[in-house]
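Peer 1: following is a predicted model, sequence given first.
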Amino acid sequence: MKAALFCAARYVGAAPHDIWPLSGEYYSSEAAVRSIETTFEQFRCADEFGFDWVTVAEHHFSGFSLTPNPMVMAGALSQIVRRAKIAVLGPTLPILNPVRVAEELAMIDTMSGGRLVAGMMRGTPNEYVTYNINPAESRERFAEALHLIRRAWTETRPFGWLGRYYQYRTISIWPRPVQQPHPPLYMSGSSPEAGAFAAQNHIGIGFAFTTVPLAKSAVQHYRTCAREAGWEPAADNVIYRAMFHVADTDEEAFADMSTLPPRISLADQNKAIAEGVRQSGYYGADAVGQQQRTSRRELADRIELGQIIVGGPDSVFAQVKRIHDELGAGVIDLVVGAQLGARTLHSIELFGAKVLPRLRELSQQ
Amino acid sequence: MTETNFARRQAADGRDLPYWEAGAGETIVAIVPGTEQPTRGHALLAERRRVVVFAPPADAGSPQEAARRIAAAVAKLGIEHCDVMGEGAGASAALWLALAPQAEIGAVVLAAPLGSPDDAFREMTRPVLVLAGTRNGSADAERYRAVLPECHFMLVYDAGTAIGAERPEALAFVVREFFERRDLFLVSRESGKAFP
């Protein structure tokens, strides 16, 4: 099993964690610089301690993440992280210019010598407000943009695109991806529609801030759809993302995490936006299930459901192994749950030194 | 407007090719496979242009012969200048028509061309736009692209072999632009202004 470290570049200054959009009145450039330096340090540490991937993602208007353009962060990481793959999980595709996304991801693949993992996401619901895109168009925009990006990566001669949402008279991107025919692709597999689309288009799936039972059902659906499409997904086609914190003992890890405020998802931080997006049909056929993913829960429940992985190395291994066994997931994407300074770095080191070698054995079994 | 606005016509002696016609203004000659009729794409084009649609039957001979007969029919109609659109198996006849030395043809669009292009098409000097549907598994459009090195090539998302029926608005939009502006169609004239 592979391990990834996802550090969202959370703002380390004093600011509310439950408001979207977050006012710039709370902003300190000194704290922001420190946030980025901290993020770099954690990614360096992950690289040094054997993590397979480092992960970045796109979020806007919030202290939760200072990477509204994850490509910029990935470009920096291509020069800082020397060994691990750079996973952009991902650009929020429906709100972006797909040709620009194709170009930037190709740049990252080139700058990293072919280490890009490209996740294409629909993003959290609030992101549709960011660039004023109608969330009702999200799935159609996503599908078209993804097809266009694949073409942009693989067509060797200039071509135009006459889409439903995107129109370009001529496209011929430079640089082009190092990995051929293109870097590995992932997308969210949480909804039935997404799972089916991913399977039909030979794309890996990822789960973020969900629960193991919900993900298990979604993986089964994905595998069924893939079989119908004539292929069998490998373990590496499934990524599961969860917050994590490892300490020397369970007690220390729990004590660290008890200082955390309850997590309120970006989707739930603005009730008007949450309701407006829900009314648009953004969540698809399984709207109830999709919204359950982000329900507020106590720490113990979150651990039980696989939303957060906490403990000493043995406990953490057991929790990750359960995810591996129940989902058949080949990649665990570990989110830095809290910025606890040296204890966060120690958590990354412990995972790399004491958990990751045992996860490798899982793959061999 | 729908395709029902097209009137089917044929010379009284029945020797000329039948055709459909609608609209007014500069002429677009469209060549579709013999079994087909005007689509909504043609109807949308006919809102601003005169559109004459030929569907050469199987007994019309080779694409070159069909092009000769279409050229004769076009001349009889008094059309001196036109643009040409070849769709599906009509692509080859469209290029033969455009290659004819006496033809006064502005530009050519090939929509989901089918069949193998003739090497003679390499001599084409008029602006050509090749459209290919992303759901069309055929490599024929690529073959046409290969023998027309100066052509513009555009993928029509979510379309197969019948672009005029599947994405009529998109087809009409880009064809109108290309016929009006030729190579300059590469530069958008659409306003990005949200409000005046």
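Peer 2: Perfect, I can see it now.

Peer 1: in the stretch 101-250 of chain A, what residue is nearest chain B?
Peer 2: Among all residues of the stretch 101-250 of chain A, residue A:160 sits closest to chain B, at 3.3 Å; criterion: C-beta to the nearest C-beta. For glycine as for every other residue, the C-beta is placed from the backbone atoms N, C-alpha and C.

Peer 1: so that residue, which state does it fall into?
Peer 2: strand (DSSP: H, G, I helix; E, B strand; the rest coil).

Peer 1: the closest residue to residue A:76 other than its chain neighbours is in what secondary structure piece?
Peer 2: Among residues not flanking residue A:76 along the chain, residue A:40 sits closest, at 7.4 Å (C-beta to C-beta, 6 or more residues apart in numbering or on different chains). According to DSSP states H and E, residue A:40 maps onto helix A:29-48.

Peer 1: list the buried ones in that helix?
Peer 2: With burial defined by 16 or more other C-beta atoms under 10 Å in any protein chain shown, the residues of helix A:29-48 counted as buried are A:31-32, A:35-36, A:38-40, A:42-47.

Peer 1: tell me the gap between that helix and the middle of its chain.
Peer 2: Relative to its chain's centre, helix A:29-48 lies at 18 Å (C-alpha atoms, centre = their mean, to the nearest Å).

Peer 1: what is it packed up against?
Peer 2: Using 3 or more C-beta pairs under 8 Å, 6 or more residues apart in numbering or on different chains; DSSP states H and E, the elements in contact with helix A:29-48 are strand A:2-6, strand A:53-56, helix A:70-80, helix A:342-350.

Peer 1: next, count neighbours for the residue of the stretch 101-250 of chain A closest to chain B.
Peer 2: Counted with other C-beta atoms under 10 Å in any protein chain shown, residues neighbouring residue A:160 total 20.

Peer 1: now residue A:197
Peer 2: For residue A:197, using other C-beta under 10 Å, the count is 21.

Peer 1: check contacts around it.
Peer 2: Taking C-beta atoms under 8 Å, 6 or more residues apart in numbering or on different chains as the criterion, residue A:197 is in contact with A:143, A:187, A:203.

Peer 1: please name the nearest non-neighbouring residue to the second one.
Peer 2: In space, and not counting its chain neighbours, residue A:187 is closest to residue A:120: 4.9 Å by C-beta to C-beta, 6+ apart.

Peer 1: helix or strand for that neighbour, which one?
Peer 2: strand A:116-121.

Peer 1: what angle sits between that strand and helix A:70-80?
Peer 2: Angle, strand A:116-121 to helix A:70-80, by axes from the mean of the first three to the mean of the last three C-alpha atoms, to 10 degrees: 160 degrees.

Peer 1: could you export stretch A:247-260 as PDB, CA atoms only?
Peer 2: Presented in PDB, the C-alpha positions along stretch A:247-260 are these (Å, rounded to 0.1, in the frame of the first residue of the first chain):
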ATOM      1  CA  ALA A 247       2.300   9.900  18.400                       C
ATOM      2  CA  ASP A 248       4.500   7.500  20.300                       C
ATOM      3  CA  THR A 249       1.500   6.200  22.200                       C
ATOM      4  CA  ASP A 250      -2.200   6.200  21.700                       C
ATOM      5  CA  GLU A 251      -2.600   8.400  24.800                       C
ATOM      6  CA  GLU A 252      -0.300  11.100  23.500                       C
ATOM      7  CA  ALA A 253      -2.000  11.100  20.100                       C
ATOM      8  CA  PHE A 254      -5.400  11.400  21.600                       C
ATOM      9  CA  ALA A 255      -4.200  14.200  23.900                       C
ATOM     10  CA  ASP A 256      -2.900  16.100  20.900                       C
ATOM     11  CA  MET A 257      -6.100  15.700  18.900                       C
ATOM     12  CA  SER A 258      -8.300  16.700  21.900                       C
ATOM     13  CA  THR A 259      -7.000  20.200  21.500                       C
ATOM     14  CA  LEU A 260      -8.500  20.500  18.000                       C
END
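
Peer 1: list the buried residues in it.
Peer 2: For stretch A:247-260, a neighbour-count test (16+ other C-beta under 10 Å) marks A:247, A:250, A:252-254, A:256-257 as buried.

Peer 1: and for stretch B:143-155?
Peer 2: Neighbour counts over stretch B:143-155 (16+ other C-beta under 10 Å) mark B:143-145, B:147-148, B:151-155 as buried.

Peer 1: that stretch near chain A at all?
Peer 2: Yes: looking at stretch B:143-155 against chain A by C-beta under 8 Å from any C-beta of the partner chain, the contacts come from B:145, B:152-155.

Peer 1: show me which helix or strand of the chain is least confident by mean pLDDT.
Peer 2: Since no chain was named, I'll use chain A. Least confident helix or strand, chain A: helix A:287-292 with a mean of 71, by mean pLDDT, DSSP states H and E.

Peer 1: my question was about chain B
Peer 2: Every helix and strand of chain B was ranked by mean pLDDT, DSSP H and E. The lowest is strand B:7-9, at a mean of 86.

Peer 1: same for it, what does it pack against?
Peer 2: strand B:19-22.

Peer 1: can you list phi and psi of residue A:172 for me?
Peer 2: Dihedral pair for residue A:172: phi -160, psi 90, per degrees, to the nearest 10.

Peer 1: how about it, what does it touch?
Peer 2: Neighbour list for residue A:172: A:155, A:157-159 [criterion: C-beta under 8 Å, 6+ apart].

Peer 1: after the least confident helix or strand of chain A, which helix or strand is next?
Peer 2: Next along the chain from helix A:287-292, counting by DSSP H and E, comes helix A:299-304.

Peer 1: packing partners for that following helix?
Peer 2: Under the contact criterion of 3+ C-beta pairs under 8 Å, 6+ apart, helix A:299-304 touches strand A:308-311.

Peer 1: quick one on the thing from earlier: buried members of the contacts of residue A:172 into ChimeraX, please.
Peer 2: Filtering those down to the buried ones (16+ other C-beta under 10 Å) takes a single ChimeraX command:
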select /A:155,159
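
Peer 1: Three-state assignment for the closest residue to residue B:61 other than its chain neighbours, please.
Peer 2: The shortest distance from residue B:61 to any residue other than its chain neighbours is 7.6 Å, reached at residue B:69 (C-beta to C-beta, 6+ apart). Per three-state DSSP, the local secondary structure of residue B:69 is helix.

Peer 1: just flag the most distant two among the buried residues of stretch B:143-155.
Peer 2: The largest separation in these, counting by C-beta to C-beta, is between B:147 and B:155 at 18.5 Å.
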